[in-house]
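> Let's see this in three dimensions:
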Amino acid sequence: MESINTLLITQARTGSTRLPGKILLKVQGNELLKIHLDRLSLCKNVDKILVATTTNIEDSILISLCENWGFATARGSESDVLDRFYQAAKEFKPQWIIRVTSDCPLLDPKMVDAVIACAQLNDVDYCSNGLIENFPDGQDVEVFKFSALELAWKEAKLKSEREHVTPFIRVNSNFNGGNLFNSINFPCAYDFSEIRMTVDEPKDFDLINKLITDLGTGQSWLGYTNYIIDNNLNSINGNIIRNEGLVKSLKND
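Residues are numbered from 1 along each chain as shown. Below you'll find the predicted structure:
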């Protein structure tokens, strides 16, 4: 198996309680998943992109589509996403792992590159632009060392820590008063946390559909953000709770 330095893993599945099959919804003939992957393929600091989906039979379509589009895939547990990530990553033994999610079709590749560069320059175990949530929802990037992922895989016990991959790392990082991991936040000069470019509900898709129809798929995160602000498009989906799935998991622990 090839050895690589930076492995980007995007988690993808067709199951969704709020908007089933959301990543296969199309805008101008292209699935949101394909738009997501095509944008990520522009990253300059990523050696390989891997789509990590589940072993559920209904997710076999994702394997077929991704292979047709030229992207590598892996399959694992639906509920233990931490294990899915670890099993997918250990085949390549990368030094750095980038975690993103496929319900963020307009994730900016330059943002991804910048967070990777920040992590490597500071040589931290974990770097994210979401430790302080000032970037728009849907522009979230996490970069962490494989060694951090492996330790989390061995030690994380809570359901929320297994479902969402990085809570164990974040909670036990020095950014949050822990002592297992060194971490750093990739900063944003302004607070854009009320802007939402992720797809969890039908009205999220309505916004993404408008953004792509009006601006295409080649804008920067700030270009889309300014368009949302200038045209008051936040009224479409701005009342949805950020990271609702994680919030729910934490309550269930």
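
> Now do the helices in the protein.
32-40, 60-69, 81-90, 109-122, 146-155, 159-163, 167-171, 202-215, 221-230, 234-237, 244-252 (DSSP state H).

> Lowest average confidence across these, which one?
When those are ranked by mean pLDDT, helix 244-252 comes last with a mean of 54.

> Does residue 31 touch residue 66 like I think?
No. Assessed by Cβ atoms under 8 Å, residue 31 is found out of contact with residue 66, at 10.3 Å. Any C-beta I mention is one placed from the backbone N, CA and C, and that applies to glycine too.

> Let me have the helices of the chain in TSV, adding distance to residue 97 and mean neighbour count as columns.
Below are the helices of the chain laid out as TSV (distance: least, Cβ to Cβ, whole Å; neighbours: other Cβ atoms under 10 Å):
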stretch	distance to residue 97	mean neighbour count
helix 32-40	14	22
helix 60-69	18	15
helix 81-90	6	20
helix 109-122	10	19
helix 146-155	6	17
helix 159-163	16	20
helix 167-171	11	22
helix 202-215	26	18
helix 221-230	21	17
helix 234-237	30	17
helix 244-252	19	13
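
> of all those helices, which lies closest to residue 179?
Closest approach to residue 179 among the helices of the chain is made by helix 167-171 (11.2 Å; Cβ to Cβ).

> And the contacts of the closest one?
82, 125-126, 128, 131, 144, 148-149, 152, 155-156, 158, 160-161, 176, 178, 180-181, 183, 246, 250 (Cβ atoms under 8 Å, 6 or more residues apart in numbering).

> same question, stretch 5-12
Contacts for stretch 5-12 (Cβ under 8 Å, 6+ apart): 23, 33, 36-37, 40, 43, 45-53, 59, 62, 81, 84-85, 88-89, 92, 94-102, 112, 116, 165.

> which of the residues in that stretch are buried?
Within stretch 5-12, the residues that qualify as buried are 6, 7, 8, 9, 10, 11, 12, counting by 16 or more other Cβ atoms under 10 Å.

> Look up the residues forming beta bridges with the fifth one.
Counting by DSSP bridges, residue 10 forms beta bridges with residue 51, residue 100.
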